[in-house]
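S.K.: predicted model and sequence follow; I will ask about them next.
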Amino acid sequence: MHRMEIEGTVIRTWSSALRGMRAFLTIPWIAAISFFLLIVFTAGRYGFFGDELYYIACSKHLAFGYVDHPPLVALLTLVSRSVFGESLLGLRVISGMAGALTVLWAARLAQKLGGGPFAQAVASLSILFSTAFPALSSFYSMNAIDITLATLLFVLLADATRDPTPSRWIIVGLVFGLGALNKYTFLVLGFSFVVSLVVTRRWSILKNPWIYVGGTVGALLFLPHVMWQIAQGWPTLEFMRNATEHKNLSLTLTELGGQLLIGLNPLTFPLWMVGLGILIASPALRSVRFFGWMALIFLAVYGSQSSKFYYVIPIFPLLLSAGAVQAERFLMQLSRPWFRWALLSPIALTGCLLMPLAVPLLPPDQFITYSKTLGLWNAIRMERWEGDTLPLHFLFRFGWEELVEDVAVSYQALTTQEQKDCAILTSWYAPAAAIDFYGPRHNLPSAISPHNSYWLWGPGNGPHTTVLAIGFDRHQLEEYFESVELVRTFSHPYALSQPLYICKHLRKSVDEIWISIKAFG
């Protein structure tokens with residue numbers, strides 16, 4: 001009898017384990033794991049993205065804000081450094097996990113919108129094979145986290161608006177505040193949500209006091225950053241204005257739509273367009289109709305500002321999930337179940353075909369050949385200075401270590417006294433961050449820069465009688481130095497060329513120069 005009890009216990013344990021395994025063998029889980037492995041296995045193909053080096057620098061200057069972003073990304077970078085060290089893989093594990101969570105939460109959102117297993121599968125696979133999502137997770141930045149938190153927000157709003165308990169609105173507020181501390185997308189999402197409730201006349205929600213409690217929780221989380229902005233004179237507003245006027249490409253709505261068509265996989269276009277339509281018009285989704293108007297308002301805000309296409313990507317897990325629900329309802333009428341799954345094949349095949357444009361699967365020379373063969377060479381440009389070698393999300397991963405080596409050669413050619421009094425000045429943040437990251441192995445001093453948060457960190461305490469300047473226009477340097485000598489020009493087959501100058505004999509004080517060369521944008 002004792003033996004039979006033991007055997008029964010073993011059988012029950014194995015059965016429970018198998019049921020648990022089956023829960024992780026669903027298509028959303030397989031898609032999420034595939035997403036994560038895709039990011040992790042390609043993490044070391046190219047080098048650090050310039051912004052990743054910048055976030056490492058920001059994590060060493062922790063504050064409630066930075067000129068060009070809120071503080072969460074720097075705090076997460078500090079966590080990554082503490083766990084993994086200053087590791088490329090460590091940073092990209094975070095972005096890979098964020099992308100995997102987006103896949104799972106998109107499937108969950110499809111379920112909240114009334115979808116069954118097929119709709120959840122379509123929603124998760126549409127994230128995996130819409131190449132914008134892997135592209136934005138293939139390096140560590142605010143964007144992958146932004147998309148993930150936005151998708152979670154949609155799931156929470158679906159619950160909170162249907163069953164508005166106090167705890168649900170408080171959790172919504174916490175996620176909103178956290179999202180706003182990551183990227184200002186959440187301010188637009190919050191505005192769009194409130195206006196959508198008015199448009200759809202959801203007065204019962206607007207009269208519920210707990211929605212305002214949740215909003216207060218989010219506002220309190222965001223308040224330290226607002227106080228920082230006030231104390232610094234609202235530098236982010238200046239940054240945004242300058243970036244719009246001088247850096248970002250001005251896109252028409254047609255151009256923005258074309259970039260979305262390519263970036264989201266052309267074959268998912270029917271999904272997200274149908275998703276937007278049913279959220280606005282379907283009687284079956286009347287209770288979440290505000291989602292459709294929320295998406296329209298969100299897209300209208302960014303579309304009216306000539307924004308980069310990836311600014312609007314956080315709304316698309318919502319639209320793809322809604323489209324997946326409608327696809328399930330339509331295809332369930334077919335008598336042959338296998339046909340439903342066969343319809344996913346073109347999306348998967350197109351996603352695989354486009355994936356080398358999103359994730360570093362190919363060496364750069366092969367990527368150039370491949371993209372030209374597809375006819376998508378330079379199809380998505382986001383900034384005016386982009387060249388014709390690689391798109392920005394690949395271009396920014398090359399040349400940093402080699403640039404620092406060139407700087408080190410120029411620095412070591414100085415006399416001992418010149419090295420002691422030398423400042424390394426860069427025209428923008430990424431070379432400065434590269435010098436701060438790779439420079440110690442060459443005994444280089446920390447870099448200074450007038451660009452974005454580096455300007456707030458100041459020019460340092462040295463006399464700066466000798467300055468090694470990188471990336472500046474010679475005429476600008478001659479305004480501040482009596483002697484300006486070009487010592488070399490850094491060049492790289494896939495990175496931006498940058499001149500290196502030795503500058504001596506200041507015409508003005510360091511403080512006067514620092515004020516005049518500030519560059520936010």
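M.R.: All right, it came through fine. Numbering: from 1, shown residues only.

S.K.: what ranges do the strands span in the stretch 351-500 of the chain?
M.R.: Remark: strands assigned in the stretch 351-500 of the chain by DSSP state E, counting those that start in this stretch are 422-426, 447-448, 466-470, 481-490, 498-506.

S.K.: which parts of the longest one are buried?
M.R.: Going back to what we said before, that points to strand 481-490. F481, V484, F490 (16 or more other Cβ atoms under 10 Å). C-betas here are computed from N, CA, C, even on glycine.

S.K.: list the contacts of the residue lying closest to the second one once chain neighbours are set aside.
M.R.: Beyond its immediate neighbours in the sequence, the residue positioned closest to V484 (Cβ to Cβ, 6 or more residues apart in numbering) is L477, lying 4.7 Å away. Residues touching L477, when contacts are defined by Cβ atoms under 8 Å, 6 or more residues apart in numbering, comprise A469, V484, Y501, C503.

S.K.: next one: R162
M.R.: S287, V288.

S.K.: confidence score at it?
M.R.: Note for R162: predicted pLDDT of 94.

S.K.: try S427
M.R.: Listed pLDDT for S427 reads 96.

S.K.: need phi/psi at the nearest residue in space to it that is not next to it in sequence.
M.R.: Excluding the flanking residues, the one nearest S427 by Cβ to Cβ, 6+ apart is G471, at 3.6 Å. Note on G471: backbone dihedrals following degrees, to the nearest 10 are phi 90, psi 10.

S.K.: G471: neighbour count?
M.R.: Neighbour count of G471, defined by other Cβ atoms under 10 Å: 21.

S.K.: wait, it touches A432, no?
M.R.: No. Assessed by Cβ atoms under 8 Å, G471 is found out of contact with A432, at 9.6 Å.

S.K.: show me where pLDDT drops low in the stretch 351-500 of the chain?
M.R.: Filtered on pLDDT under 70, the stretch 351-500 of the chain yields the residue ranges 377-388.

S.K.: before we move on, what about the chain?
M.R.: 1-24, 248-250, 335, 337, 377-388.

S.K.: domain-wise, how is it divided?
M.R.: In terms of domains, the chain is parsed into 13-365, 400-516 (source: automatic domain parsing).

S.K.: make JSON lines from those domains and add distance to K372 to it.
M.R.: JSON lines is the format used below for the domains of the chain (distance: least, Cβ to Cβ, whole Å):
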{"stretch": "domain 13-365", "distance to K372": "11"}
{"stretch": "domain 400-516", "distance to K372": "15"}
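
S.K.: and those domains: which comes nearest F394?
M.R.: Proximity to F394 (Cβ to Cβ) singles out domain 13-365 among those, at 6.6 Å.

S.K.: any idea how far that closest one is from the chain center?
M.R.: Relative to the chain's own centre, domain 13-365 is displaced by 9 Å; criterion: Cα atoms, centre = their mean, to the nearest Å.

S.K.: I'd say G47 and L53 touch.
M.R.: No. At 9.4 Å, G47 and L53 do not qualify as touching, with contact defined as Cβ under 8 Å.

S.K.: which residues are common contacts for the two?
M.R.: W400.

S.K.: and the two? Which one has more around it.
M.R.: Shown here are G47 and L53; by other Cβ under 10 Å, L53 has more neighbours (25 against 19).

S.K.: ok, the residue lying closest to that one once chain neighbours are set aside - contacts?
M.R.: Nearest-residue entry for L53: A433, 3.8 Å, with adjacent residues in sequence omitted and distances by Cβ to Cβ, 6+ apart. Going by Cβ under 8 Å, 6+ apart, A433 touches G50, L53, Y54, I56, A57, A447.

S.K.: ok, now L181?
M.R.: Going by Cβ under 8 Å, 6+ apart, the list of residues near L181 reads P70, P71, L72, L221, F222, H225.

S.K.: what distance do you get for the third one to V217?
M.R.: L72 sits at a distance of 16 Å from V217 (criterion: Cβ to Cβ, to the nearest Å).

S.K.: distance of A434 from A342?
M.R.: Counting by Cβ to Cβ, the gap from A434 to A342 is 48 Å.

S.K.: neighbour count: the two, which is higher?
M.R.: The residue with more neighbours, out of A434 and A342, is A434; 26 against 10, by other Cβ under 10 Å.

S.K.: how near is the residue nearest to the spatial centre of the chain to L285?
M.R.: Central residue of the chain (Cα atoms, centre = their mean): N143, 1.5 Å from the mean position. Distance of N143 to L285, computed by Cβ to Cβ: 28 Å.

S.K.: for V217, which non-adjacent residue is spatially closest?
M.R.: In space, and not counting its chain neighbours, V217 is closest to G173: 3.4 Å by Cβ to Cβ, 6+ apart.

S.K.: tell me the contacts of that neighbour?
M.R.: Neighbour list for G173: V213, G214, G215, T216, V217, G218, L221 [criterion: Cβ under 8 Å, 6+ apart].

S.K.: burial measure for the fourth one, as a count.
M.R.: Counted with other Cβ under 10 Å, residues neighbouring T216 total 13.

S.K.: phi and psi next, for it.
M.R.: Residue torsions, per degrees, to the nearest 10, at T216 are phi -70, psi -40.

S.K.: which SSE is the closest residue to it other than its chain neighbours in?
M.R.: Of all residues not flanking T216 in the chain, G173 sits nearest, at 7.0 Å (Cβ to Cβ, 6+ apart). Per DSSP states H and E, G173 falls inside helix 166-182.

S.K.: show residues contacting the helix or strand just after that helix.
M.R.: Following helix 166-182 in sequence order, the next helix or strand is helix 185-199 (DSSP H and E). Helix 185-199 is contacted from outside by 146, 149-150, 153, 157, 176, 179-180, 205-206, 215, 218, 290-295, 297-298, 301-302, 311, 314, using Cβ under 8 Å, 6+ apart.
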